[in-house]
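Asks: kindly return the folded structure for what I paste below:
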Amino acid sequence: MKKMILLFSCAAALVISACSKDEAKPAQPAAAQAEDGNKKSASPSSQKDENATEASANQSDETATNEESETTDVDGEKKDYLSNDHEFVASELANLSENQVSDKWGQPQKSENVKFRYSGTSNFVPAVVHYYQNEKYAVTFVQGKAARLVYYVADQEIPFDDDEERVKALQLAGLPTDAEETTDTDTAYVWNNIGGVYEVTMFSKANMVDYLYITLDEAYK
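Replies: Numbers count the residues shown, from 1 in each chain. Predicted coordinates:
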């Protein structure tokens, strides 16, 4: 009888031990699953950081490109000579339409119908001169395109005979001040191929700079 009780006790102990081992086994996969979950949850955050870095780099590149384009004229020449004192950039007016110039300077206050003759020809074509901002600017349009500009600077009181002061008139028109003139007389200075325009002539009056006569494109020389 004692042997039977002992056998039953041993069998019961084995069953309890086996059940305890079966219940302990799932603990390891649960820990591994938690670790995988942590990895997965971290992945979207890392992806967001990478996307943000890439977007920031792209924006920096775009900003640099825009800044460079703002200081480059239509011929690809960098406008390192521009200062904060310029009132406009002469090269940007070349071949603009009447509406585009009006967007810059408002509607013309006065207009004149004229005839224009292309260099090397004997034929005249219709043209119009529009005056803007109390005749400060006078633009000649040939076949609808800005061809020549007269820019009055007499109110700036710039000495004509002073080499350093005289070039301030060029600066106001968004032109370089270190270019050498090709012609000079007692009443005028001439620059060719300067700041993206074909020709600039500076006229004087009473020893002061009176106005700039700007040929915007070689086609209208």
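Asks: low-confidence ranges in this structure?
Replies: Residues of the chain meeting the criterion pLDDT under 70: 1-78, 81.
Asks: let's see 80
Replies: Scanning the chain for pLDDT under 80 picks out the ranges 1-81, 83-84.
Asks: in it, which spans are strands?
Replies: Taking DSSP state E, the strands of the chain run over residues 110-117, 124-132, 137-142, 145-152, 183-184, 188-194, 197-205, 208-215.
Asks: save the ones you listed as TSV, and put in distance to residue 100 and mean neighbour count too.
Replies: (Glycine included, C-beta is placed from N, CA and C.) Below are the strands of the chain laid out as TSV (distance: least, Cβ to Cβ, whole Å; neighbours: other Cβ atoms under 10 Å):
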stretch	distance to residue 100	mean neighbour count
strand 110-117	16	12
strand 124-132	12	16
strand 137-142	11	21
strand 145-152	8	20
strand 183-184	31	12
strand 188-194	22	18
strand 197-205	17	20
strand 208-215	17	21
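Asks: number of residues surrounding residue 96?
Replies: Number of residues near residue 96 (other Cβ atoms under 10 Å) recorded here: 18.
Asks: report the beta-bridge partners for residue 208.
Replies: Judged by DSSP bridges, the bridge partners of residue 208 are residue 159, residue 205.
Asks: out of the strands of the chain, flag the one nearest residue 103.
Replies: Residue 103 lies closest, by Cβ to Cβ, to one member of these: strand 124-132, at 11.3 Å.
Asks: export the closest one as CSV, just CAs?
Replies: Taking C-alpha atoms only, strand 124-132 is exported to CSV below (Å, rounded to 0.1, in the frame of the first residue of the first chain):
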residue,chain,number,x,y,z
PHE,A,124,11.4,103.5,-90.8
VAL,A,125,9.0,101.6,-88.6
PRO,A,126,6.4,102.9,-86.2
ALA,A,127,7.5,103.4,-82.6
VAL,A,128,6.2,105.1,-79.4
VAL,A,129,7.9,106.9,-76.5
HIS,A,130,6.2,106.6,-73.1
TYR,A,131,7.1,108.9,-70.2
TYR,A,132,6.8,107.6,-66.7
